[in-house]
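Colleague: Show me the folded form of this:
(2 chains)
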Amino acid sequence: MLTIKDLHVSVDNKAILKGINLTIKAGEVHAIMGPNGSGKSTLSKVLAGRDGYTITRGTIEFMGQDLTELEPCDRAHAGLFLAFQYPVEIPGVSNVQFLKAAVNAVRKAKGEEEISSVDFLKLVREKMALVDMDQDLIYRSLNDGFSGGEKKRNETLQMLMLEPTLAILDETDSGLDIDALQSVAKGVNSLRSQDRSFLMITHYQRLLNHIEPDFIHVLARGEIIKSGDKSLAQELEAKGYGWLLQEQADECE
Amino acid sequence: MSANNLLEHYKAQRLALAQKPTNADWLTSFTENLAQRVEAYGLPTRQNEAWKYTRLDALAKHEWPAARKQAIAALPSSVAESHKVALVNGMLDEAHSTIADLPTGVTICPLTQHPQCETIKEKVITHYTHNQPKFFKACSLFEIEHSLVISVDANTVCERPLHLHNLLHADETASSHPNVIILLGENAAATVVESFHANEQQHFTNQVVTIAVEKNADLTYIKCANIASQTHCVTSHEVMVARDARFNAHSLTQGAGLVRFEWNVALNEPNAFASINGLFRGLGKGQLDNPILIKHKAANTQSVVNYRGILDDSSIGVFNGKVKVYPDAQNICAQMQNNNLLLSERAEIDTKPVLEIYADDVKCSHGTTVGELDEDALFFLMSRGIDYDTARAMLVDAFAHSIYDTLFDSTIRQWLENDYAN
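Modeller: Numbering: from 1, shown residues only, chains lettered A, B, ... in the order given. I've put the predicted structure just below:
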């Protein structure tokens, strides 16, 4: 589904990612962990197509297409979704207006008809209930004045409505209380299927207790320095990142 | 002023009006005074602070013979359930107006036919004696006797909105002076919507709107112009607000032409209130000029001025706002804010909110911002599958939203958003 080969990315001529290799197959859940400043969020933004990130080497292939050639909206049409670490507040754009525009844009790209208002509202209500989201929030301005938990629930709602093929969750657990974390996890788990994949970016093992990954990768200084199964997370939680960084330094010598 | 500035012809043409004999002494002395004003001031130049950012080049390229009476086929769309009034080139078109069934106490007719003509004349003349008009205003006021009067008697509430269509319709380059006088008696209330529509000809309209809101009266006035590059619209609104009265205005301008909506609001007596919510959206080489002066002349008066500018292509927006607090006007409250969005590298905004305060117990605030579209917001919307053009339009509308939100009448808002602004 997603194949990243030797990906080098710089921001303002500063190299951030230095040779990422990662393959995600259909149905798999991957987690990327790593210390602050290791390039985790850069990876998610490059995948979603944010301006200002220059790919200096390497390739990203998604569903058989060269992802780097696509505009952010075309990536969404192709089935990619990024749940933002910091969802943007947009006063004046109502949540319902935004969601409907997004759903219809993706449907249109797939050659499907626009969803009727009645069906749309029914679907939104159903999905909001799944993530324990206050129904009133749908008529408010997009994320405007939402609490941290409400914003992340709203991100999950968007994901549930758009049903992406690959969802990237960028530090979805940061700033969440237990209840919100459980709601978000419930939403994500409801979407898990054989032909849908997830890439979770996180600092902590906590999220991984709720959404179990198949693979864990440790990103440090712009490279994946270790990959393993979910037991790696427990090891990291116990020992921190220091031992891995030391190991890598030893190898270099 | 260069010899090839054809506005000099306009000036001569207007001055000739003062030479014409009139059958009323008041008019003779009024126009003589105006002629002196026009001579004394002459055409504004960019050395004049009030005209510093406004380019009159387009106006100077044409002669502006007065538009003739014209028949129109039909009215543009109107606010639902409104009383319609059609002014074509400044002349009342009764055939397209629905003013036969106005509620008792509401009168709409030319000044000279108004039952209270004498009182109104006196009020207007007194005002312009104390507030001497400069070039454009004076040029327009030569036609004071042809003003359309909208009056609401004391203790009368006009339930349905009055929709005044100001139509500029000519077969050749022309000018018009569609002056309007709006008077609300004590305890009266009304909502007036006034919209400009122009046909494809070069048109220069120079308008003065004189408004008096008497004790405890309530006027909502929504003024809008959506015009193309061949239309040039200079309007002055002179507003007098009395004790306990409320004046709520909306100044909505957009397009690729020249629109200058000037507001001079005098809060003359204690507890008077005025608000102006403005939205200006420039396209092409449009110039949207907003001179505003709020005069707090009495204690306990309150004003709110909130404008948003959205400027695309190589359009220019000007916000030149001043709150003036007179000595002894204690315990007043004034807010003035102008936020702008520049959508193009060639677009320009010149913004200057000013406070001039001569009293010592006042609460005043003023501020301005200039920004671009938020890249993060744009990326967020696009990452959800929304294409660039749609995402941009959503963000621009969101910026304008807070001004539309101040329109409490949903039928007027619907007409504006669905019929007029597009």
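Colleague: Which residues of the stretch 51-200 of chain A lie near chain B?
Modeller: Proximity of the stretch 51-200 of chain A to chain B, by CB under 8 Å from any CB of the partner chain, involves residues A:51, A:71-73, A:75-77, A:81-82, A:84, A:87-88, A:90-93, A:97-98, A:101-102, A:105-106, A:109, A:141, A:158, A:162. C-beta: built from backbone N, CA, C; applies to glycine.
Colleague: Just the ones of those in helices?
Modeller: Members of these lying in helices (criterion: DSSP state H): A:72-73, A:75-77, A:97-98, A:101-102, A:105-106, A:109, A:158, A:162.
Colleague: those helices in the stretch 251-400 of chain B, which residues are they?
Modeller: B:375-382, B:388-404 (DSSP state H, counting those that start in this stretch).
Colleague: So which elements touch the longest one?
Modeller: Using 3 or more CB pairs under 8 Å, 6 or more residues apart in numbering or on different chains; DSSP states H and E as the contact criterion, the secondary-structure elements in contact with helix B:388-404 are strand A:90-94, helix A:95-109, strand B:273-282, strand B:302-311, strand B:332-342, helix B:375-382.
Colleague: got the angle for the shortest one vs helix B:375-382?
Modeller: Which is strand A:90-94. Relative orientation of strand A:90-94 versus helix B:375-382 (axes from the mean of the first three to the mean of the last three CA atoms, to 10 degrees): 30 degrees.
Colleague: Paired strands for strand A:90-94, with orientation please.
Modeller: In the sheet, strand A:90-94 lines up against strand A:141-142 (antiparallel) (DSSP bridges).
Colleague: before we move on, back to that, narrow the residues of the stretch 51-200 of chain A next to chain B to those that are buried.
Modeller: The neighbour count (16 or more other CB atoms under 10 Å in any protein chain shown) marks A:72-73, A:75-77, A:81-82, A:84, A:87-88, A:90, A:92-93, A:97-98, A:101-102, A:105-106, A:109, A:141, A:158, A:162 as buried among those.
Colleague: Tell me who's in contact with the residue of chain A found nearest chain B.
Modeller: Using CB to the nearest CB, residue A:92 is the residue of chain A that sits closest to chain B, at 2.9 Å. Applying CB atoms under 8 Å, 6 or more residues apart in numbering or on different chains, we find residue A:92 in contact with A:141, B:397-402.
Colleague: residue closest to the middle of chain B?
Modeller: residue B:261 (4.1 Å; CA atoms, centre = their mean).
Colleague: Please look at it and residue B:253 and confirm they touch.
Modeller: Yes. Counting by CB atoms under 8 Å, residue B:261 touches residue B:253, with 5.8 Å between them.
Colleague: tell me, what's touching the two both at once?
Modeller: Applying CB under 8 Å, 6+ apart, one finds that residue B:261 and residue B:253 are jointly contacted by B:225, B:278, B:290.
Colleague: Neighbour-wise, which one of those residues leads?
Modeller: For these, counting by other CB atoms under 10 Å in any protein chain shown, the largest number of neighbours falls to residue B:225: 26 neighbours.
Colleague: Show me what that one bridges to in the sheet.
Modeller: Applying DSSP bridges, one finds that residue B:225 bridges with residue B:196, residue B:253.
Colleague: and the gap between it and residue B:7?
Modeller: Note on residue B:225: its distance to residue B:7, by CB to CB, to the nearest Å, is 20 Å.
Colleague: need the contact list for residue B:214.
Modeller: B:154, B:183-186, B:188, B:242, B:245.
Colleague: before we move on, what about residue B:280?
Modeller: For residue B:280, the contact set (CB under 8 Å, 6+ apart) comprises B:251-254, B:259, B:288, B:290, B:307-310, B:317.
Colleague: From residue B:255, how far out is it?
Modeller: Distance, residue B:280 to residue B:255, using CB to CB: 10 Å.
Colleague: between the shared contacts of residue B:261 and residue B:253, which is nearest residue A:222?
Modeller: Nearest to residue A:222 among the shared contacts of residue B:261 and residue B:253, counting by CB to CB, is residue B:278 at 50.2 Å.
Colleague: Any idea what residue B:205 is bridged to?
Modeller: In this entry, residue B:205 is beta-bridged to residue B:176, residue B:233, by DSSP bridges.
Colleague: That one contacts residue B:176, correct?
Modeller: Yes. The criterion here is CB under 8 Å, and residue B:205 meets it with residue B:176 at 4.9 Å.
Colleague: Common neighbours of the two, please.
Modeller: residue B:168.
Colleague: How many residues are close by residue 229?
Modeller: No chain specified, so I'll use chain A. Residues within reach of residue A:229, counting by other CB under 10 Å, total 10.
Colleague: Not quite, go with chain B.
Modeller: With other CB under 10 Å as criterion, residue B:229 counts 15.
Colleague: How about the contacts made by the nearest residue to it once chain neighbours are set aside?
Modeller: Counting by CB to CB, 6 or more residues apart in numbering or on different chains, residue B:229 lies nearest to residue B:256, which is 4.2 Å off, once chain neighbours are set aside. For residue B:256, the contacting residues are B:227-229, B:282-286, B:313, B:315, by CB under 8 Å, 6+ apart.
Colleague: which one among these gets closest to chain A?
Modeller: Nearest to chain A among the contacts of residue B:256: residue B:282, at 19.4 Å, using CB to the nearest CB.
Colleague: how far away is that closest one from residue B:227?
Modeller: Between residue B:282 and residue B:227 the distance, using CB to CB, works out to 11 Å.
Colleague: Turn the contacts of residue B:280 into TSV, columns for pLDDT.
Modeller: Compiled in TSV, the contacts of residue B:280 are given as follows (pLDDT from 0 to 100):
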residue	pLDDT
B:251	97
B:252	96
B:253	96
B:254	95
B:259	96
B:288	97
B:290	98
B:307	98
B:308	97
B:309	98
B:310	98
B:317	97
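Colleague: Let me have the residues you listed in TSV, adding distance to residue A:237 as columns.
Modeller: Putting those into TSV (distance: CB to CB, whole Å) gives the following:
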residue	distance to residue A:237
B:251	61
B:252	59
B:253	61
B:254	58
B:259	64
B:288	60
B:290	60
B:307	55
B:308	50
B:309	53
B:310	51
B:317	56
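Colleague: quick one: which of those residues is most hemmed in?
Modeller: residue B:288 (32 neighbours).
Colleague: Which residues are in contact with that one?
Modeller: Residue B:288 makes contacts with B:253-254, B:259, B:280-282, B:309, B:311, B:315-318, as judged by CB under 8 Å, 6+ apart.
Colleague: Which residue would be the closest one in chain B to chain A?
Modeller: Closest residue of chain B to chain A, CB to the nearest CB: residue B:398 (2.9 Å).
Colleague: which one is residue 54 nearest to, not counting chain neighbours?
Modeller: Using chain A here. According to CB to CB, 6+ apart, the nearest residue to residue A:54 is residue A:10 (5.2 Å).
Colleague: Let me rephrase: I mean chain B.
Modeller: With CB to CB, 6+ apart, the residue lying closest to residue B:54 is residue B:289, at 5.0 Å.
Colleague: Number of residues surrounding that neighbour?
Modeller: By other CB under 10 Å, 24 other residues sit near residue B:289.
Colleague: Likewise for the one 4 residues further on?
Modeller: Using other CB under 10 Å, residue B:293 has 17 neighbouring residues.
Colleague: do the same with residue B:179
Modeller: The local packing count at residue B:179 equals 26, with neighbours defined by other CB under 10 Å.
Colleague: List the contacts of the lowest-mean-pLDDT helix or strand in chain A.
Modeller: Ranking every helix and strand in chain A by mean pLDDT, DSSP states H and E puts helix A:242-252 at the bottom, with a mean of 73. Contact with helix A:242-252 is made by A:35, A:218, A:220-221, A:225-226, A:236, as judged by CB under 8 Å, 6+ apart.
Colleague: do the same with stretch B:344-364
Modeller: Contacts of stretch B:344-364 (CB under 8 Å, 6+ apart): B:52-53, B:282, B:296, B:309, B:311-338, B:340, B:342, B:366-368, B:370.
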